[in-house]
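Engineer: Structure for this input, please:
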Amino acid sequence: MLFIVSWTVMPDKRDIAIGRFLKTGALPPAGVTMKGRWHAVGRVGGFGLAEADDPALLQTWLLEWNDIMHMEVYPALTDEQAAPLLAALAAKR
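Structural biologist: I've put the predicted structure just below:
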């Protein structure tokens with residue numbers, strides 16, 4: 001399953017976040033695949049796309065970071081997954 005993960009570093013934790021990122025690379029645990037990660041220009045935050053069959057593994061990763069940043073996670077669908085659902089909805093109207 002795909003997950004969109006967005007984060008914003010707490011202002012007073014910026015230097016801690018930078019140091020932790022440089023030390024660890026913010027790599028996910030086994031069982032979670034980072035599909036991509038983008039950092040916002042002009043602020044300390046961004047978003048990534050991760051894939052995991054077990055959301056508990058994703059939570060394990062987030063717990064390593066949510067002491068210094070606010071994080072939001074959303075399940076995501078690809079176009080191929082969403083299209084049949086949209087077609088079914090359109091057929092009902």
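Engineer: Tell me which residue of the protein is furthest from the middle?
Structural biologist: residue 93 (34.1 Å; C-alpha atoms, centre = their mean).
Engineer: quick one, strands of this protein?
Structural biologist: For the chain, the strands defined by DSSP state E occupy 2-9, 32-39, 45-52, 69-76.
Engineer: Could you tell me the angle between the second one and strand 2-9?
Structural biologist: Orientation note: strand 32-39 sits at an angle of 50 degrees relative to strand 2-9 (axes from the mean of the first three to the mean of the last three C-alpha atoms, to 10 degrees).
Engineer: what comes up buried for strand 32-39?
Structural biologist: residue 32 (16 or more other C-beta atoms under 10 Å). All C-beta spots, glycine's among them, are computed from the backbone N, C-alpha and C.
Engineer: cool, and the first one?
Structural biologist: For strand 2-9, the neighbour count (16+ other C-beta under 10 Å) marks 3, 5, 6, 7, 9 as buried.
Engineer: tell me the contacts of the third one?
Structural biologist: Listed by C-beta atoms under 8 Å, 6 or more residues apart in numbering, the contact partners of residue 6 are 45, 46, 47, 71, 72, 73.
Engineer: Just the buried residues from the residues you listed, in ChimeraX please.
Structural biologist: This is how ChimeraX selects the buried members of those, with burial counted by 16+ other C-beta under 10 Å:
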select :47,71
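Engineer: can I get the contacts of residue 6 in CSV with distance to residue 19?
Structural biologist: Below are these laid out as CSV (distance: C-beta to C-beta, whole Å):
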residue, distance to residue 19
45, 16
46, 17
47, 21
71, 18
72, 23
73, 24
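Engineer: and of the contacts of residue 6, the nearest to residue 59?
Structural biologist: residue 73 (8.6 Å; C-beta to C-beta).
Engineer: can you tell me how far the closest one sits from residue 3?
Structural biologist: Plainly put, residue 73 is 5 Å away from residue 3 if you go by C-beta to C-beta, to the nearest Å.
Engineer: what touches both of these two?
Structural biologist: In contact with both residue 73 and residue 3: residue 58, using C-beta under 8 Å, 6+ apart.
Engineer: I'd like to know which of the strands of the chain lies nearest to residue 59.
Structural biologist: strand 69-76 (8.6 Å).
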